[in-house]
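J.: sequence? don't have it. structure:
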């Protein structure tokens, strides 16, 4: 499970900046047209901050004992939404309309950017994400049997 976790963390750190840059660009284009060079650089900086924020927490989770893992990798990755959101707020982009349930569940996500699945961040995360989940399930079953 540690090998799968390390591979997943490595790939998340590789692809997360691109996700931040992509969602910023898409929201800016929808609101006001192509981003300025300054906005592109702000998105790059936000991508680096997202990795610095998410990477250590993700690695700590993935290195933890299976019975000590109180959250999921995707939940940690989702917390990175504040980084592109900050760029969009600084650019004056107004929040998007969201339903009441989304506002309750994801109050920090004013721009509806939170990834629902691995592939929303990057298609390359699907295989490693599934491999890690399967390894965790196997370890849990080995320890606790099939009844839990």
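T.: Arrived safely. All figures in this text were calculated on a predicted structure; none of them were measured in a lab.

J.: So what touches whatever helix or strand residue 137 lives in?
T.: Using DSSP states H and E, residue 137 falls within helix 126-144. By C-beta atoms under 8 Å, 6 or more residues apart in numbering, the list of residues contacting helix 126-144 from outside reads 1, 4-5, 7-8, 11, 62, 66-67, 69, 73-74, 117-119, 148. In short, each C-beta sits where N, CA and C put it, glycine included.

J.: now these: which count as buried?
T.: 1, 4, 5, 8, 11, 62, 69, 73, 74, 118 (16 or more other C-beta atoms under 10 Å).

J.: Is the third one in contact with residue 65, as I believe?
T.: No - counting by C-beta atoms under 8 Å, residue 5 does not reach residue 65; the two are 11.5 Å apart.

J.: rewinding a little: buried ones in the helix holding residue 137?
T.: Neighbour counts over helix 126-144 (16+ other C-beta under 10 Å) mark 128, 129, 131, 132, 133, 135, 136 as buried.

J.: Next, format those as CSV and append distance to residue 18 and pLDDT.
T.: Conversion of the buried residues of helix 126-144 to CSV gives the following (distance: C-beta to C-beta, whole Å; pLDDT from 0 to 100):
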residue, distance to residue 18, pLDDT
128, 16, 96
129, 16, 96
131, 21, 93
132, 20, 92
133, 23, 92
135, 26, 90
136, 26, 89
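
J.: Put together CSV for those, with distance to residue 91 on each row.
T.: Output for those, formatted as CSV (distance: C-beta to C-beta, whole Å):
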residue, distance to residue 91
128, 33
129, 31
131, 37
132, 35
133, 36
135, 41
136, 39
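
J.: I appreciate the help and will end here.
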